[in-house]
Every structure is written in structure tokens, then in C-alpha cells.
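Participant: The sequence isn't on hand, but the structure is:
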């Protein structure tokens, strides 16, 4: 199960998608009335045409990359898992509708459901909303299913190795710097997880702190340290940054500002990893691969290269199998 995508790159379907997505109280975590006003009367109307344009750039003859890569993953998983499992694709928002998928699973008479949220690092707006939505729908449909959830896998050795191999497909010696770009969150999301922690003074960029297990920031830095070790990068060779911000009160430093800062330092060739995404999507292909690249080149950079995500890479599929089988065995 992943976030989802508009049905088509047109204003109507994009409006429907953004309405469903941004009205989720775990995505825009403001009081109900304020959220409804802000999302439906300000954010969506002002973002609609630009978002539609971006989805048109993203779309291929096969449709949304997030969706078709997910079905490729499903088909490969089904082959490797065999007859002991039936694999379904579902999205938190739009199609394939997780509610209809659960109804299909219930009708088939299954008794055990393994939910695999495709987010390496746990966050309220991704993993948590996915799990809660499925739990609520199972209850609503009176589905007698034992639910197991594949936990966050930010430090899974196979996950790290597969992402590192994606990067090693490029000659790291041809780049001046590496940026690990993660999807950002509002600072208040971090404070909700650990209200007693001063984000500005937290040392999770250096080590996993005591409060770190479900701290998104801590797990992003942990993923980075593991990847840097696998890639033989020194601390001065790379930077961790966060993208997709809506305002200044989001996780920093911001990816677009980091690449320009590195350019001013003479780093004209930058390789970018996006280890919060296992499937290429708007945030990787368009935001990093097009927008940040264009910005970097306009300011005098020579090359900004995005590392492909895992998508349906065979090694990643084998990693998924091991994660699923580990959860399945725990009963």
C-alpha cells in the first residue's frame, strides 16, 4: 500500500485526489474547521492548475509511474511468494481503493492480512495514516481478519544494499557531492512524536537517540549513515536535506537551498538519492529530476543526477519477500 495518485492528469481528477489527500487529519494536522478552510478554500484552489501541470509532465503512456511500478512489484512478488500468498495493490488515496481491496479479500474468505506500507521511515502522514485507515475499514466491514503490519525498514541491510547499488550504477568519482533528499514534514509533526525534544538541539543527525525509533528525522539520518557507509562516503562528501516543503516551518535544511549552497562551494556535479521513496513518483521524477535539476543548471551547475528508486528491481522484490515472510512467521 502506497500513497496514491490522481486517476488522470486533468483538473477534475487532481482536485479529487488533493481533496482526499490533504483533508486527511494526519497529513494536515490542524483543527477540523481550520483544516477544511485552509485545504479546500486556499491550498487546493491555488495549487490545482500547477499540480495538474506537474502530473501531465509525470504521466506516461502507461499512466502514473507510482501505479504501474506498484503493479510490477505485485506481479514479481506473487511469483516469488507462490501459492501461499495472494498479493494485492492498494492506495491510501484514490485507486486501487483500499476499501474495495479489503472487501475483495474478505469475500475470498482469507483469515490473515499482511499490510506492507511502502514507506522506509515511519511518519504520521504516511505509515500511521495507512495502518489506521486499514484498521478502521476492517472494523467497518466486520472483516474477521488477523492483521499484521510490515514495520518500517529504514535500516534493513538488504534495503540499504539495494539502494546503494542503484547509486553505484553511476561513477561516484564523477560527482563532487552527494545529497540524500527525504520528503519533509512540518516541524509540528516531529514535536507530536516527541514533545519534550528540542528539534534544534537533537543529535539524531549523528546517532540514533533514545527517542528515535519512531522519529522520522532520526530514521532519515540513520538511513543516510548506513548508505554512506555502504558507498564509502566521508561525512564531508554528502548532505542530508528535505524536500517538498509548504512553508519555512518544515524540516530543514531544504534540498533546493542545499544544492545551491553546494554549487557556491564549487560542487558543480551532484548526485541525489531519495531514500524515502521506494517507487519513483512526482517527488522524485519531477521535483528532483526536473525542477531541482533545472534550477541547478540555471545557476551554473554542470550536472544534477537523480538516482532511480527501487521500483520493481529484482533485489528489492527479494527484500520485500523476506520482510513479508518474517512477519508471516510471527504468529
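Facilitator: Structure's in. What do you need? Please read these numbers as outputs of a predicted model, since none were measured by experiment. Numbering: from 1, shown residues only.
Participant: tell me the domain ranges of this structure?
Facilitator: For the chain, automatic domain parsing gives the domain ranges 2-58, 65-153+314-329, 157-306.
Participant: Format these as a markdown table; extra columns: mean neighbour count and mean pLDDT.
Facilitator: Using the backbone N, CA and C atoms, a C-beta is placed for each residue, glycine as well. Shown next, in a markdown table, are those (neighbours: other C-beta atoms under 10 Å; pLDDT from 0 to 100):
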| stretch | mean neighbour count | mean pLDDT |
| --- | --- | --- |
| domain 2-58 | 16 | 97 |
| domain 65-153+314-329 | 17 | 97 |
| domain 157-306 | 18 | 93 |
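Participant: Would you mind confirming that residue 277 is in contact with residue 307?
Facilitator: No - counting by C-beta atoms under 8 Å, residue 307 is not a contact partner of residue 277; they are 10.6 Å apart.
Participant: quick check, distance from stretch 289-302 to the centre of its chain.
Facilitator: With C-alpha atoms, centre = their mean, to the nearest Å as the basis, stretch 289-302 stands 23 Å off its chain's centre.
Participant: end-to-end on it?
Facilitator: With C-alpha to C-alpha, to the nearest Å as the measure, stretch 289-302 spans 14 Å from end to end.
Participant: what ranges do the helices span in the stretch 151-300 of the chain?
Facilitator: For the stretch 151-300 of the chain, the helices defined by DSSP state H, counting those that start in this stretch cover 157-168, 187-193, 216-230, 255-264, 293-298.
Participant: Show me the one of the ones you listed that comes nearest residue 247.
Facilitator: For these, distance to residue 247 was read as C-beta to C-beta. The smallest value, 9.9 Å, belongs to helix 187-193.
Participant: Touching, residue 240 and residue 220? I think so.
Facilitator: Yes - using C-beta under 8 Å, residue 240 is in contact with residue 220, at 6.6 Å.
Participant: Give me the common contacts of those two.
Facilitator: By the contact definition C-beta atoms under 8 Å, 6 or more residues apart in numbering, residue 240 and residue 220 are jointly contacted by 180, 182.
Participant: Contacts only, for residue 47.
Facilitator: So residue 47 contacts residue 18 (C-beta under 8 Å, 6+ apart).
Participant: Please, which helix or strand holds it?
Facilitator: Secondary structure assignment for residue 47, by DSSP states H and E: helix 44-58.
Participant: just how off-centre is the very next helix or strand once past that helix within its chain?
Facilitator: Per DSSP H and E, the first helix or strand lying C-terminal to helix 44-58 is helix 65-81. Mean-position distance between helix 65-81 and its chain equals 17 Å (C-alpha atoms, centre = their mean).
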